[in-house]
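[1] Structure for the following, please:
(2 chains)
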Amino acid sequence: MKLSNEKILSMYDTMLRIRKFEEKAMGLFAEGEIPGFVHLYLGEEAVATGACANLEKDDFITSTHRGHGHIIAKGGDINFMMAELYGKETGYCKGKGGSMHIADRSKGILGANGIVGAGHNIAAGAGLSVKYRGTDQVVLCFFGDGSTNQSTFHEALNLSSIWKLPVVFICENNGYGISMSQDRHQAIKDVSDRAVAYNIPGVTVDGNDVFAVYEAVNEAAKRARKNQGPTLVECKTYRHRGHFEGDPTMYRTDEELQEWLEKDPVKRMQQFMLDNDIASQADLDQKGAEVDAIIATAVKFAQDSPKPSLESAVENVYSDIVEEVKVR
Amino acid sequence: MTTIGIIANPASGKDIRRLVSHATVIDNNEKVNIIERIILGAQTFGVKKIYVMPDSFMMGYKVTEKLELSGELKVDIEILDMKIKASPKDTQTAAALLEEMQVGCIVVLGGDGTHRLVAKSINKVPLIGISTGTNNAYPKMLEGTVAGMAAAAAATNAIDYETYCERDKIIEVYKNGELVDISLMDAVVSDEIYIGAKAIWDLKTIQHIVVSSCHPASIGFSSILGANIKIDASDDFGASLKINSGDNHFLAPIAAGAIVEVTSEEIQKIELGETFYLEPDYKGMIALDGEREVGFEAGDRLGFKIVRNGPRHVVVERILESALENGFFQR
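    Residues are numbered from 1 along each chain as shown, chains lettered A, B, ... in the order given. Modelled structure (predicted):
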């Protein structure tokens, strides 16, 4: 599969935005600037980037608690994201959702999700809507290896298979469900094996190689758009940080982390572009500075934004019982 | 002591060709079942010890546990002492260890790509290939029990197994005069520039195909030549073909269920020991036995040399026929 230099540069831009957004969020959280929890996507950038590079604006994604990368890759607004992490009124959820609930229906982002496995059936539902409306949209459903033990995974694959829904199920297998290694939580090593049970194709690719992910999701999305049904794409990857910021990661070794750092998807992409004369070191430096500026702007936007007022505490939280809550 | 080795690639049968063709998923539990039958076949016919490559799915441990629980395990099973990298390197390391130990036979579960990795590490120990991959021109669909029996026949030296094995041809791949890799069945020159999902399937990107053998009954890229000419494993030549130009139009099964129309120039024979050269004016990748492996720059001089220096494979039917004549089955 051939890709233009323009497309490759665009994918690198996305990966770098994710990388630098997450690095900034990591630092801000450590400084106590950001409240709540953050689950960082550092190390997994190639998955969201390679997958979403196949999408149109009106296609859909469902995300997870580790959702910043997916949202950036699908075109989410970085200013609104950062403001949401800060709990500010200008944030995606008006400062009331935080990191794990960012959504943007205008861009087909059907939400990050704090509940493990909750995205599977939202994706199947979106797929059913596409089928019902007869469009050629596709739904990418991102989830981790731990969630494939949830009933929702099996329900969604089953229904999507039976109804041939245009959903690409993308397992980001980073080897751990919180602190539980995959060896301890399931009796298989390749989640793609589970596709057989639902009579759909299942493939495993190197999730730290953006081109491998792009190619697999490209073919899966083509199938989906041609009414040939869902696909399970497993991307083997690794999170550089703990499950959440503050996680001491006692469950994994430094040696294991080091092995994966050597397979860093961003560095691999940079090396590929240098080796193939797609970008020079000066180009990469310039791009780095550009993205740094974008992230700095987002931080300033968030810092300068107001906090939500006390009076708005229950607004936009419940859609239909606001009056009842107010009475209480 | 009569020993054999088993190498089962946990990653075979799961690549992107499930999407771009009609290939099926071979899950690792099925590979465990096949290993189980190899062990049962081998131990019944005199194998005393079986070494198994460790892997992330722990196939060797699973089979051992199952056969111990059922009380059927009679042979000593040892998982090779090596660090798992969960990469193709594991297969090469295991094959090298088994070669060093001089086990009587190695049974390999995988596709052409897996067998290519084994071929890079062994020379003396004979192998039996079982297809659990996608496009398998080299390994065959073979029942595990029979593979175990044939491995036992080869390893016990009950018969002259030298006679019942064949030395394979390989393609040595050179870049600017330096040997960079090998392939067992085919080397495909493509103008794709990244490895990506590894498997190659887009005919439009392919310029040249070099094969050591080909047959109309084979599948994969060697089938493109196999649709024009038959080159047996025993023939002392290979061939090359330039596609996407010329006047020759034909159909070929390049992947499971994927029969495509191909346009080509005339086939060029490559004699054993001869090197076929290309100097592409484009940047690209060489896919070895179906997987993108070697990158090259425009202007690089690529060489493809057919040599008979590959692994020695057991001709299963022949060795078991000989075993029959020698009373191997009698008790």
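
[2] Against chain B, how distant is residue A:160?
    16 Å (CB to the nearest CB, to the nearest Å). For every residue, glycine as well, the C-beta is placed using N, CA and C.

[3] Kindly confirm my reading that that residue is in a helix.
    Yes: counting by DSSP: H, G, I helix; E, B strand; the rest coil, residue A:160 is part of a helix.

[4] ok, the residue lying closest to it once chain neighbours are set aside - contacts?
    If the residues on either side of it in the chain are set aside, residue A:160 comes closest to residue A:230, at 4.1 Å by CB to CB, 6 or more residues apart in numbering or on different chains. Contact analysis of residue A:230 by CB atoms under 8 Å, 6 or more residues apart in numbering or on different chains lists A:127, A:157, A:160, A:161, A:164, A:165, A:166, A:167, A:168, A:169, A:200, A:224.

[5] Most neighbours among those residues, which one is it?
    Most neighbours among the contacts of residue A:230, by other CB atoms under 10 Å in any protein chain shown: residue A:167, with 34 neighbours.

[6] picking that back up, and the gap between the residue nearest to residue A:160 and chain B?
    On the measure of CB to the nearest CB, residue A:230 and chain B end up 12 Å apart.

[7] Residue A:253 now?
    13 Å.

[8] which residues sit in contact with the closest residue to residue B:257 other than its chain neighbours?
    With sequence-adjacent residues excluded and distances taken as CB to CB, 6+ apart, residue B:257 is closest to residue B:22, at 3.0 Å. Counting by CB under 8 Å, 6+ apart, residue B:22 touches B:255, B:256, B:257, B:258.

[9] Just among those residues, which is most surrounded?
    When neighbours are taken as other CB under 10 Å, the top entry among the contacts of residue B:22 is residue B:255 (22 neighbours).

[10] For residue 240, grab phi and psi.
    As the question left the chain open, I've gone with chain A. Dihedral pair for residue A:240: phi -70, psi -30, per degrees, to the nearest 10.

[11] if you could check chain B rather than the one you did, that'd help
    Torsion angles, degrees, to the nearest 10, at residue B:240: phi -130, psi 160.

[12] Same check on residue A:129?
    phi -60, psi -40.

[13] how much space between residue A:20 and residue A:293?
    10 Å (CB to CB, to the nearest Å).

[14] What confidence value was assigned to residue A:322?
    Note on residue A:322: pLDDT of 58.

[15] whoops, residue A:183 was the one
    88.

[16] residue contacts, it?
    Applying CB under 8 Å, 6+ apart to residue A:183 gives the contacts residue A:189.

[17] Which element, helix or strand, includes it?
    helix A:182-185 (DSSP states H and E).

[18] For that helix, which residues meet the burial criterion?
    Within helix A:182-185, the residues that count as buried by 16 or more other CB atoms under 10 Å in any protein chain shown are residue A:182.

[19] Please apply the same query to stretch A:28-39.
    In stretch A:28-39, counting by 16+ other CB under 10 Å, buried: A:28, A:29, A:34, A:38, A:39.

[20] what's the answer for stretch B:169-184, then?
    B:169, B:170, B:171, B:172, B:173, B:174, B:175, B:180, B:181, B:182, B:183, B:184.

[21] could these go into TSV alongside distance to residue B:52 and pLDDT?
    Listed next are those as TSV, based on distance: CB to CB, whole Å; pLDDT from 0 to 100:
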residue	distance to residue B:52	pLDDT
B:169	29	97
B:170	26	97
B:171	30	98
B:172	30	98
B:173	31	98
B:174	35	98
B:175	35	98
B:180	31	98
B:181	27	97
B:182	25	97
B:183	26	97
B:184	23	96
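
[22] so, if you compare the residues you listed, which one comes nearest to chain A?
    residue B:175 (14.9 Å; CB to the nearest CB).

[23] which residues sit against the lowest-mean-pLDDT helix or strand in chain B?
    Least confident helix or strand, chain B: helix B:17-20 with a mean of 85, by mean pLDDT, DSSP states H and E. If you take CB under 8 Å, 6+ apart as the criterion, helix B:17-20 is touched by A:201-203, A:216, A:219-220, A:223, A:231, B:23-25, B:134-135, B:199, B:201, B:255-256, B:258.

[24] same thing but at 6 Å, please
    Helix B:17-20 has contacts (CB atoms under 6 Å, 6 or more residues apart in numbering or on different chains) with A:201, A:203, A:219, A:220, B:23, B:134, B:199, B:201, B:255.

[25] try stretch B:122-132
    Applying CB under 6 Å, 6+ apart, the contact partners of stretch B:122-132 are B:12-13, B:26, B:31, B:95, B:99, B:103, B:105-110, B:115, B:138-142, B:147, B:150-151, B:154, B:165, B:311-314.

[26] With stretch A:100-116 instead?
    A:58-65, A:67, A:71, A:74-76, A:84, A:92-93, A:119, A:122, A:147.

[27] Weed out the non-buried ones from the residues you listed.
    When neighbours are counted using 16+ other CB under 10 Å, those contain these buried positions: A:59-65, A:67, A:71, A:74-76, A:84, A:92-93, A:119, A:122, A:147.

[28] Spatially, what comes nearest to residue 120 if we skip its sequence neighbours?
    Just going to use chain A. Take residue A:120 and drop its neighbours on the chain: the residue closest to it by CB to CB, 6+ apart is residue A:156, 3.6 Å away.

[29] that's the other chain; I wanted chain B
    Excluding its sequence neighbours, the residue lying closest to residue B:120 (CB to CB, 6+ apart) is residue B:92, at 5.8 Å.

[30] Kindly report the same for residue B:118.
    The nearest residue in space to residue B:118 (CB to CB, 6+ apart) is residue B:95, at 4.4 Å.

[31] Quantify the burial of the one you found by counting its neighbouring residues.
    With other CB under 10 Å as criterion, residue B:95 counts 26.

[32] Quick check, the residue in the stretch 1-150 of chain A closest to chain B?
    Nearest to chain B, among the residues of the stretch 1-150 of chain A, is residue A:1, at 6.0 Å (CB to the nearest CB).

[33] Nearest residue to the middle of the chain?
    If you meant another chain, say so; for now it's chain A. Taking CA atoms, centre = their mean, the centroid of chain A lies closest to residue A:70, which sits 2.7 Å from it.

[34] that answer is for a different chain, and I need it for chain B
    residue B:115 (2.8 Å).

[35] rewinding a little: what count of nearby residues applies to the residue of the stretch 1-150 of chain A closest to chain B?
    With neighbours defined by other CB under 10 Å, the count for residue A:1 comes to 18.

[36] got the contact list for residue A:83?
    A:90, A:91, A:302, A:305.
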